[in-house]
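1. what's the 3D shape of this:
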Amino acid sequence: GGGAMEDLRRQIEDNMKRAFWDMLEGAVKGDTPDNAWVVKLYAEQRDRLCAITPNRQDLREEIHRGLDVELFEQMLVNKAFERSDLEGIVAFTFSRLSSLCSPARDGEITARRGELDALLRTEGLTFDAFVVPFLKAFHTTVDDIEGDIEKFKRHVSNSGGTTPNG
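-> Alright, predicted model coming up:
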């Protein structure tokens, strides 16, 4: 279904997302950076990743280690980082996301990761220039996976909860 209402809803959603990313850009690059908010967003993404991960303590601990909020905060506040730390964060995040997403999303995830890898190779990279595209790619991918999970759940409940016979 959909039609005009669906289009309007999508337009509002797109505008909200754009406003959100503009705010993040301002929070990172503005005259008065809002580090606390950016760190909170990073922690939120980590927690969303935990929420879509199978409920195993070892996997959650791994995510908390791989996406170390204190390290992220230090890099953000001090505007100082080792490129290898950022490479590690990207590699960890995207290997996790790849393992959780449907095969149909592989291309998108590979492309997002490719953009970040290219960014990490740029001369004179600043943490500010990294953080917005990284959070955006992370956030968008988790949104996609959550949406896929929702669709799957709806599909299963609509088909009476039975699995199709092979």
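
2. average pLDDT for stretch 50-65?
-> Over the span of stretch 50-65, the pLDDT mean works out to 91.

3. now do that stretch: distance from first to last residue.
-> 12 Å (CA to CA, to the nearest Å).

4. touching that stretch from outside, list them.
-> With CB atoms under 8 Å, 6 or more residues apart in numbering as the test, stretch 50-65 has contacts from 46, 49, 96, 100, 142, 145-146, 149. Glycine gets a C-beta too; all of them are placed from N, C-alpha and C.

5. so which residues of this protein form helices?
-> In the chain, the segments counted as helices under DSSP state H are 4-29, 35-51, 57-66, 69-78, 83-100, 106-120, 127-158.

6. which non-adjacent residue is nearest the spatially most central residue of the chain?
-> Closest to where the C-alpha atoms of the chain average out (CA atoms, centre = their mean) is Phe138, at 1.7 Å. Leaving out its chain neighbours, the residue that sits closest to Phe138 by CB to CB, 6 or more residues apart in numbering is Gln45, at 5.0 Å.

7. wait, the one you found sits on Lys136?
-> No. If you go by CB atoms under 8 Å, Gln45 and Lys136 don't touch, sitting 10.4 Å apart.

8. against Val69, how distant is the closest residue to Cys101 other than its chain neighbours?
-> Nearest residue to Cys101, sequence neighbours excluded (CB to CB, 6+ apart): Ile145, at 5.2 Å. The spacing between Ile145 and Val69, counted by CB to CB, to the nearest Å, is 21 Å.

9. repeat for Gly88
-> According to CB to CB, Gly88 stands 14 Å off from Val69.

10. ok, now Asp85?
-> 13 Å.

11. over to Gly30?
-> 22 Å.

12. so between these two, which is more surrounded?
-> Using other CB atoms under 10 Å as the criterion, Gly30 and Val69 rank with Val69 on top: 14 against 11.

13. and the pLDDT at the closest residue to the more buried one other than its chain neighbours?
-> With CB to CB, 6+ apart as the measure, Ala43 is the residue that lies nearest to Val69, at 4.9 Å, once sequence neighbours are left out. At Ala43, the model reports a pLDDT of 96.
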